[in-house]
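# Got a predicted model here, sequence first, then my questions.
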Amino acid sequence: MRRIFHIDMDAFFAAIETRRRPELKGKPVIVGGHGDPRQRGVVSTASYEARKYGVRSGMPLRTAFRRCPQAVFLPVDYTTYARVSERFKSILKNFSPIMEDVGIDEAFLDMSQAPGSSEEVADAIKRRIKEEIGLTCSIGIATNKLLAKMASDLQKPDGRTILREADVPRRIWPLPVRKLWGVGPKTEQALAKLGVARIGELAQLPEETLIARLGQAHGHYLHEAARGIDQSPLITHWEPKTLSRETTFQQDVADWASLQRTLLQLCKELVARMHQEGYAGRNVTVKLRYEDFDTHSHSLTLPSATDDPETIREAATRCLRHFPLLKKVRLVGIRIGHLVHSTRASAGKILAADDNSRPSRGNLNLPTRESST
Ligand code: TTP
Ligand code: MG
């Protein structure tokens with residue numbers, strides 16, 4: 001019998017902002033775009049206090065402002081969130097070496113081999129996260145990923161939920177289909193046409209009907225998922241499609257010399273990582289973000305894959321020359337793509353991949369976060 005944990009941080013971006021500005025505690029906090037509700041942009045996340053006013057992720061900031069004008073609006077500070085995310089994942093890895101990284105604030109752990117009751121282990125994880133990063137999370141525990149994922153959502157925030165297969169009819173079937181992992185707006189619509197609104201109704205539908213409507217793979221998946229059946233393994237290793245480094249300047253820069261110096265430093269770091277992880281690449285891209293957040297990139301493709309520092313530096317410099325320097329620059333980045341394993345590859349290394357290397361939902365082939373939440 002497997003014992004799978006799904007750990008999901010509570011109101012992740014908003015919680016980090018509240019942690020560094022304690023005066024926000026207990027207040028509605030909305031993180032999104034540049035943090036100005038008069039500008040374009042969408043809500044990345046809202047604190048639970050703001051959610052009471054109907055503010056949701058993905059909603060335009062203007063709408064959020066109409067619903068909750070007294071909220072504190074803050075810009076997205078992705079660099080900080082990514083740093084906290086790394087610490088969160090490294091805490092989890094101490095509990096089990098079998099971890100699947102699902103997104104910035106969530107992961108699965110296979111705890112089948114861990115001693116102790118599920119309650120004890122879950123509480124120990126929650127305690128460590130609280131002590132080390134000062135944030136709360138919700139944990140779902142089940143015999144497979146699907147149910148663990150659904151369980152972590154049942155008692156948010158700061159929840160701990162054990163979901164047994166026998167609990168599915170009582171706890172999962174009354175939920176709207178949208179709550180089922182893998183059901184995004186399109187599937188929701190298709191199911192509505194079949195008269196299906198709740199997961200329990202989906203479970204009653206013949207598999208052939210679902211396959212006829214939604215295709216073999218998705219139809220079959222939904223048929224099983226509605227019953228809580230899922231045999232997918234944890235995916236602990238991804239092959240990256242690209243490797244990259246980028247940095248935001250403390251103060252925006254306006255001169256080529258500083259830009260080039262920084263870019264060459266990034267190249268050095270990138271090449272070090274390529275050597276360490278055993279990759280060579282063919283496609284070099286340089287990205288600049290200007291002071292007004294306008295972002296552009298230039299790429300070039302080399303005749304063959306390389307991990308040679310000089311070649312990569314030269315290519316990066318050539319890309320950089322394509323940018324007009326009419327505005328100040330706040331960020332510069334370099335990325336290498338079309339990766340192949342280089343001969344220096346040290347076998348068995350775990351690869352830390354860029355975000356874009358991850359299929360959205362593991363091997364379940366499910367829709368992306370945008371369409372599934
Ligand atoms: P979620 O785990 O979906 O949301 P959350 O952690 O904010 O809240 P909950 O307590 O319900 O788990 O997403 C994690 C982070 O990902 C979230 O803090 C912000 C970001 N995110 C977006 O940027 N856009 C989105 O549409 C969603 C859903 C999340
Ligand atoms: Mg979360």
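Yep, it's here. Bear in mind the structure is a predicted one, so any value in this text is a computation, not a measurement. Ligands and ions are numbered 1, 2, ... in the order given.
# Double-check Ala197 against Pro176; I have them as touching.
Yes: counting by C-beta atoms under 8 Å, Ala197 touches Pro176, with 6.2 Å between them. Placement of C-beta: from N, CA and C, glycine included.
# what about Ile172, neighbour count?
Using other C-beta atoms under 10 Å, Ile172 has 24 other residues around it.
# just Val121 next, same as before
20.
# With Gly33 instead?
Based on other C-beta under 10 Å, the number of other residues close to Gly33 is 20.
# what's the answer for the one 5 residues further on, then?
Here the number of neighbours of Arg38 (other C-beta under 10 Å) works out to 9.
# next one: Gly26
11.
# Same check on Lys27?
15.
# And what about it, helix, strand or coil?
Look at Lys27: counting by DSSP: H, G, I helix; E, B strand; the rest coil, its state is coil.
# pLDDT at it, what is it?
You'll see Lys27 listed with a pLDDT of 98.
# So it versus Ser47, what's the distance?
7 Å (C-beta to C-beta, to the nearest Å).
# cool, His6 as well?
For His6, the distance to Ser47 (C-beta to C-beta) stands at 22 Å.
# next one: Leu302
Counting by C-beta to C-beta - Leu302 and Ser47 are separated by 47 Å.
# again, but for His322
For His322 relative to Ser47 (C-beta to C-beta), the value is 42 Å.
# where does Ile312 land in three-state SS?
Assignment for Ile312 (three-state DSSP): helix.
# I figured it hits Val271, correct?
Yes: with contact defined as C-beta under 8 Å, Ile312 reaches Val271; the gap is 5.9 Å.
# low-scoring pLDDT stretches of the protein, where are they?
Counting by pLDDT under 70, the ranges of the chain that qualify are 343-373.
# Quick check: residues of it near ligand 1?
Where the chain comes near ligand 1, counting by C-beta under 6 Å from any ligand atom, the residues are 8-13, 44-45, 57-58, 104-106, 156-157, 369, 373.
# contacting residues around Tyr81?
Shown here is Tyr81, whose contacts under the criterion C-beta atoms under 8 Å, 6 or more residues apart in numbering are 12-13, 16, 104.
# More neighbours: which of His322 and Ser47?
Ser47 (26 against 13).
# Bridge partners for the spatially most central residue of the chain, pull those for me.
Nearest residue to the geometric centre of the chain (C-alpha atoms, centre = their mean): Gly103, 2.6 Å. Counting by DSSP bridges, Gly103 is bridged to Glu106.
# Dump stretch 278-291 to CSV, keeping only the CA atoms.
Extracted in CSV, the C-alpha atoms of stretch 278-291 (Å, rounded to 0.1, in the frame of the first residue of the first chain):
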residue,chain,number,x,y,z
GLY,A,278,26.7,17.4,-18.5
TYR,A,279,24.9,19.4,-21.2
ALA,A,280,25.9,21.1,-24.4
GLY,A,281,23.5,23.3,-26.3
ARG,A,282,23.1,24.9,-29.7
ASN,A,283,20.7,27.8,-29.2
VAL,A,284,21.8,30.9,-27.3
THR,A,285,19.2,33.5,-26.3
VAL,A,286,19.8,36.8,-24.5
LYS,A,287,16.9,38.5,-22.8
LEU,A,288,16.7,42.1,-21.7
ARG,A,289,14.0,43.7,-19.6
TYR,A,290,13.8,47.5,-19.8
GLU,A,291,12.9,49.8,-16.9
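# buried ones in it?
By neighbour count with 16 or more other C-beta atoms under 10 Å, stretch 278-291 contains the buried residues 278-290.
# Which ones among these map onto strands?
279-290 (DSSP state E).
# hang on, Thr236 packs against Ser96?
No: the criterion here is C-beta under 8 Å, and Thr236 misses it with Ser96 at 10.1 Å.
# With neighbour numbers in mind, choose between the two.
Neighbour comparison, Thr236 and Ser96: the larger count goes to Ser96, with 19 against 14 (by other C-beta under 10 Å).
# what residues are up against that one?
Counting by C-beta under 8 Å, 6+ apart, Ser96 has contacts 109-111, 113-114.
# Pick the one among those residues closest to ligand 2.
Nearest to ligand 2 out of the contacts of Ser96 is Leu109 (C-beta to the ion; 15.6 Å).
# For the stretch 51-200 of the chain, what lies in contact range of ligand 2?
Asp105 (C-beta under 5 Å from the ion).
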